[in-house]
Every structure is written in structure tokens, then in C-alpha cells.
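>>> turn this into a structure:
(4 chains)
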There are 2 protein chains.
Amino acid sequence: MEPRKPVRERLLDAADALLFVEGAFATPVDTILKAAGASPPSLYSHFGNKEGLIAAALHRRYEVWKQVWDDEIAAAPDDAGRVLALWNALRTYQSERMTERWCAFTGTAAAFPDPAPELREILDLETALLRDRLLETATPIAGERAEALASALMVTYAGTMALMLREPYEKAIDEGRAGAASLCAAFA
Amino acid sequence: MEPRKPVRERLLDAADALLFVEGAFATPVDTILKAAGASPPSLYSHFGNKEGLIAAALHRRYEVWKQVWDDEIAAAPDDAGRVLALWNALRTYQSERMTERWCAFTGTAAAFPDPAPELREILDLETALLRDRLLETATPIAGERAEALASALMVTYAGTMALMLREPYEKAIDEGRAGAASLCAAFA
DNA sequence: GTCTATACGAGGATAGAC
DNA sequence: GTCTATCCTCGTATAGAC
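Purely as a prediction, here's the structure:
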């Protein structure tokens, strides 16, 4: 056994592994504490409250997710590939860590109609990342119509995630990717 | 004052008006009871439990929603119009009753990872309705590629709803409709 | 910094009277 | 069939010791 991680990290690990499977509401703090081998005061002293823990877990996810997406963009062979990299990244990301049911960010937004400021911040950050990157990758393809393409891709990405609630996630990713490819072709 | 509706209906009205605004989890039974002017035993004798009430409320929504969509399809001028009728229906439906934050069905699916059978049933019913109708309306446009178009439209519909969690719903509907229109053009 | 133990409130559901 | 009153569980958060 290696030396134990500090409690803060253990809590984040457990939160990340549990919160987005059944959903933030359906996962009691108690379950996270047990998985982390931690006690209530550790959680509340480090993160303030449950929403604080969720926000911190989402921050970690955000960084990992951005990196995975970056790598896929860098590996893409052409302009359309750099758009579709988002769906490749989904495949990679999900196959590596798939326990979650669907998008951790959208799921959190759905669970908290009136999120704490720190929670809203990370949710908005991810939305902005999506919008910005999609516009960037859409521009070489669609030129002046890049904003329209980026919008349609944003809808397609959100739909890919939401479809995971209605059917197996591999199918959702495949359907989303195919839709995005059609859009790229239409705007080329 | 007109004579009061039976309790069962009052409960359904209240549930429908409240459950899908803040979400099924965030709306306590208590709130629904107060709004309905009803007592706990009325709810539990009529619907069994909270999930039963939600399932019943969704059933009513399903019927209304199907009708609104039907009417928009009937009023559409051409093949592409019959596809886009779905987004027109969203506008109509939402502008008439918009208190809810986003899709009542997807939101319920997200809130209950392991729904009671009656709940799963109505959720699956709506998914099937979407798939069937989209394939029907896609066929005159895309012919043999109708399934691919229908899939992409399904993603676009799911994304339209999910985007409502990240931005104002009118914008989400507009972006979704534009995406659907691009897809129709691409498959024509 | 981290733990044990506990307070506090909320939410879902029921017993029993009318 | 419907109500009043209540129970009981669960979930978040804190007090105080180590």
C-alpha cells in the first residue's frame, strides 16, 4: 500500500467517482464520505458544503476534459477532423472513466436550478469553453457562416449528452458524431 | 367561483405546474399538496407515491404535447416544414405554458437513474414518439438516408432541450431549429 | 487537521378520525 | 374519499474531543 493521499484529494476522488453516476441529488454526502474514508468535518472544512465539493470536483473534470479534447484536436488530420475531435474526445474520455450516466456539467445544471456562485462559475466556464472552441474549429470550414455552424454543433454536442439518458452512450456518441459530420459537410 | 375540480385533477394540475420548474427532486410533495389544496392521503391513495404522481403528470403532458406537434405538422407547407414543425411546436408549447426550465421528460430521466416501471414506461413512450415521428417526417426528404437524418434530428431535438439549461430557451429553440434546417438541406 | 458523536430539519409516507 | 396529526427515515451540517 502506498502512503495515503491527503483527505482533500480522497474526497475529490470519491466525489468525482460517485456524484455523476446517480446524480448530485441522489448521492448523499454520507456515501462520498464512506468511499473517501473521511469524516464530515473534513468535507465541510475543506469545501464549505456539498455544492462546494461538487464545484471543486467539476473544476478537476474541466481541466482533464479540456486536455483530452486538446489532444484530440492536435491529432486530427484536417479541418473537419478538428471539429469531430470533440466526439472522439468523448469516446476517449468516456471509455477511460465511464461510470457516469451523462454530462456531469449539464446534470449538475439540471439538478441545481439556483446554484451557488462557485457552482455557477464552473458551469459557465464549461459552456464558454464549448462555445469558444467550437467557433474556433468551425471557422476554417464555414468562414463567414462559422457562427451558424458553431451554434448547430453546440446543439449537437448538448444533444449527444442528453441522448445518453435515453439510449446507450456509445450509440448517442455515434449518432452525435454523424450529425456533426453532416453539418460540417453542409457548411463546407 | 366555479365548482372545484376533484382532488385528483387538482393534484395533477399542481404537479404539472410545479414539478418541472425546479425539478422533481427539488420540489417537495408538500409544495404540490399546498398548491393543490389537497392532503397527503389524497395523493398517496390516488397515485401510490411521488413517482406515481410524476408518471401521471407526464402522461397528461405527453398527450398535450403530441397534439400540439400534430397540429404543427398538419399546418406545415412542405416536407422540410413538417420536420421543422417540431421546433414550431416547441415554441407554441413553451410560450403557452412556459414555467418549466427544460424538457420535463429528459429532466425526469436525469433525476431518476432507476425509475419505477410506470415512470420508465412513459419516458420510453415519449422517446419512441420522437423517433417514430422524426423518421416519418424525414423520409420524404432523405429517402434511403432517412434513418441518418432522423438520428441527427433526434440529437438536435435533445440538444435543443439541453441547451435550455445553459442559455435562454428562446435562443435554444432558435439555434436548434436552424440546425435542423441545415440538416434538412444537407439531406435533400 | 481529523475524528466521534450528535443536533437539526426536511421530506416521504401512514394511522385513524370524520 | 378526504382530512388532521404524526411517524420515521434520511441527509446536511456542527460541537467538541483528540
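
>>> low pLDDT regions in chain A?
A:1-3, A:98 (pLDDT under 70).

>>> how about the residues of chain A by DNA strand C?
Counting by C-beta under 7 Å from any atom of the strand, chain A comes close to DNA strand C at A:Pro6, A:Val7, A:Arg8, A:Gly37, A:Ala38, A:Ser39, A:Pro40, A:Pro41, A:Ser42, A:Ser45, A:His46. All C-beta atoms are positioned from the backbone trio N, CA, C, and that covers glycine.

>>> list the buried residues of stretch A:107-120.
A:Gly107, A:Thr108, A:Ala109, A:Ala110, A:Ala111, A:Phe112, A:Pro115, A:Glu118, A:Leu119 (16 or more other C-beta atoms under 10 Å in any protein chain shown).

>>> typo on my end, stretch A:116-135
Neighbour-count burial for stretch A:116-135 [16+ other C-beta under 10 Å]: A:Glu118, A:Leu119, A:Ile122, A:Leu123, A:Glu126, A:Thr127, A:Leu130, A:Arg131, A:Arg133, A:Leu134, A:Leu135.

>>> about what we covered before: quick check: strands, which of the residues of chain A next to DNA strand C are part of them?
Counted as lying in strands by DSSP state E, out of the residues of chain A next to DNA strand C, is not a single one.

>>> just the closest of those residues to A:Asp71, please.
A:Arg8 (27.2 Å; C-beta to C-beta).

>>> residues in contact with that closest one?
A:Ser42, A:His46 (C-beta atoms under 8 Å, 6 or more residues apart in numbering or on different chains).

>>> and with 6 Å instead?
A:His46 (C-beta atoms under 6 Å, 6 or more residues apart in numbering or on different chains).

>>> ok, it to A:Leu58 distance?
Going from A:Arg8 to A:Leu58 by C-beta to C-beta, to the nearest Å gives 15 Å.

>>> before we move on, what about A:Ala181?
29 Å.

>>> looking at these two, which has the bigger crowd around it?
A:Leu58 (25 against 17; other C-beta atoms under 10 Å in any protein chain shown).

>>> please name the nearest non-neighbouring residue to the more buried one.
A:Ile122 (4.6 Å; C-beta to C-beta, 6 or more residues apart in numbering or on different chains).

>>> can you count the residues close to whichever residue of chain A sits closest to chain B?
Among all residues of chain A, A:Gly159 sits closest to chain B, at 2.7 Å; criterion: C-beta to the nearest C-beta. Residues within reach of A:Gly159, counting by other C-beta under 10 Å, total 28.
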